[in-house]
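Visitor: Quick one, structure for this:
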Amino acid sequence: MNNTKATHEDWFNVGKSDAYAGKPKTPPEDAESASMYDLGYSEGEITRPPTETPETEQE
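Guide: Predicted structure coming up:
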């Protein structure tokens, strides 16, 4: 990803996507962008990917 054109939201989404995919953390070199990437990665680890559907209990 080109660091000069990526926004903080972009890096957040990349981090979240990497976590969903089970990829290792690969934050950018820029400190602010890396912080947003880490935040997204952390959120991705604790939430489900949007393509995953929760199982419903049947009674």
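
Visitor: can we go C-alpha only for contacts and neighbour counts from here?
Guide: Will do.

Visitor: Could you measure from Glu45 over to Thr7?
Guide: Distance of Glu45 to Thr7, given as C-alpha to C-alpha, to the nearest Å: 21 Å.

Visitor: who's more crowded, the two?
Guide: Glu45 (17 against 12; other C-alpha atoms under 10 Å).

Visitor: Spatially central residue for the chain, please.
Guide: Per C-alpha atoms, centre = their mean, the C-alpha nearest to the average position across the chain is that of Lys16, at 0.9 Å.

Visitor: on contacts alone, who are the packing partners of the helix or strand containing it?
Guide: Here Lys16 sits within helix 8-21, counting by DSSP states H and E. Using 3 or more C-alpha pairs under 8 Å, 6 or more residues apart in numbering; DSSP states H and E as the contact test, the elements touching helix 8-21 are helix 31-46.

Visitor: If you count neighbours, what's buried in the helix it packs on?
Guide: 33-45 (16 or more other C-alpha atoms under 10 Å).

Visitor: How about stretch 10-25?
Guide: By neighbour count with 16+ other C-alpha under 10 Å, stretch 10-25 contains the buried residues Asp10, Trp11, Phe12, Asn13, Val14, Gly15, Lys16, Ser17, Asp18, Ala19, Tyr20.

Visitor: Out of those, show me where the pLDDT dips lowest.
Guide: Within the set of the buried residues of stretch 10-25, pLDDT is lowest for Tyr20 (91).

Visitor: I'd say it and Glu45 touch.
Guide: Yes - between Tyr20 and Glu45 there is a contact under C-alpha atoms under 8 Å: 6.8 Å.

Visitor: Apart from its neighbours in sequence, what residue is nearest Glu45?
Guide: Using C-alpha to C-alpha, 6 or more residues apart in numbering and skipping residues adjacent in sequence, the residue nearest Glu45 is Ala19, 5.5 Å away.

Visitor: where are the low-confidence patches of this structure?
Guide: For the chain, the stretches with pLDDT under 70 are 1-4, 48-59.

Visitor: if we go to 80?
Guide: 1-5, 47-59 (pLDDT under 80).

Visitor: quick one: Ala31 and Ser17, what's the gap?
Guide: From Ala31 to Ser17 the distance is 19 Å (C-alpha to C-alpha).
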